[in-house]
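Asker: need a structure here:
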Amino acid sequence: MFIQVIQGRVRDAAGLREHWDLRIHELRQHPDVVPDAGLIEVPVSVGWLGSTAGISDEGEFVAVIRFESERLARQDDRRPEQREWWAEAKEYFDGEVTVRDSSEVDTILGGGSDDAAFVQVIQGRAKDVDRVRALNSASEAWLKEHRPRIIGGTVAWHEDGSFTETLYFTSEEQAREGELDEWRALVESVRYIDLRDPWLWSPGDVKV
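Answerer: Reported below is the predicted structural model:
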């Protein structure tokens, strides 16, 4: 899996949401005419697995976009429609927008979920990346027993040892309870971005 993390301070939240919805519609499908079948909608962005985005109470936008591979993500980035959309999207932000890529991705309980009512993005830096990744991998059974409201997650690792962890909850309650003590000791500069109204999308089914 390959993940792109986009972040920035929002100037026009409503405008950004509308613009982002247009982008997702393009990612999911576009019209094509098939003989004897009429108009059907087929995927236009090969390799896109899903997107999670939203705006925190403090006005910070974050998006975690999942692709099958870096090659397919780059292929999508090169499309003229994508370049035009991104140029327009920047108008809804106040200041710099950062885009961070990750080809080192861990999944938690199967990965991202469109069924979440609350999403928490956790960012920080690992003192020992290999140990933290091992703890994440070994924690699934514990999460199922002690934090049943977590229904999925991803961890995108960046080149400098920092990470973007995205956790999907059935509700906001218990979002920060029960963290493993060893995990807390192995990470630093941790910050939490709460998405109380998460924007969740994944590829649509073919429709006739």
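
Asker: any low-confidence regions in the protein?
Answerer: Within the chain, the ranges that satisfy pLDDT under 70 run 26-45, 174-181, 204-208.

Asker: 90 instead, please
Answerer: Applying pLDDT under 90 to the chain flags the ranges 20-48, 50, 72, 74-85, 110, 112-113, 135-149, 171-185, 201-208.

Asker: the longest helix in it is where?
Answerer: helix 13-28 (DSSP state H).

Asker: so which elements touch that helix?
Answerer: Other helices and strands packing on helix 13-28, by 3 or more Cβ pairs under 8 Å, 6 or more residues apart in numbering; DSSP states H and E, are strand 48-55, helix 80-89, strand 199-201. For the C-beta atoms, the positions are set from N, CA and C on the backbone; glycine is no exception.

Asker: what pairs with Gly50 across the strands?
Answerer: Counting by DSSP bridges, Gly50 forms beta bridges with Arg66.

Asker: how about the one 4 residues further on?
Answerer: Applying DSSP bridges to Gly54 yields these beta-bridge partners: Val62.

Asker: now Leu195
Answerer: Beta bridges link Leu195 to Val119 when assigned by DSSP bridges.

Asker: pull the contacting residues for it.
Answerer: Shown in contact with Leu195 (Cβ atoms under 8 Å, 6 or more residues apart in numbering): 52-56, 62, 118-121.

Asker: which SSE is the residue most central in space within the chain in?
Answerer: For the chain, Val64 is the residue whose C-alpha lies nearest the centre (Cα atoms, centre = their mean; 2.2 Å). Val64 belongs to strand 60-67 when assigned by DSSP states H and E.
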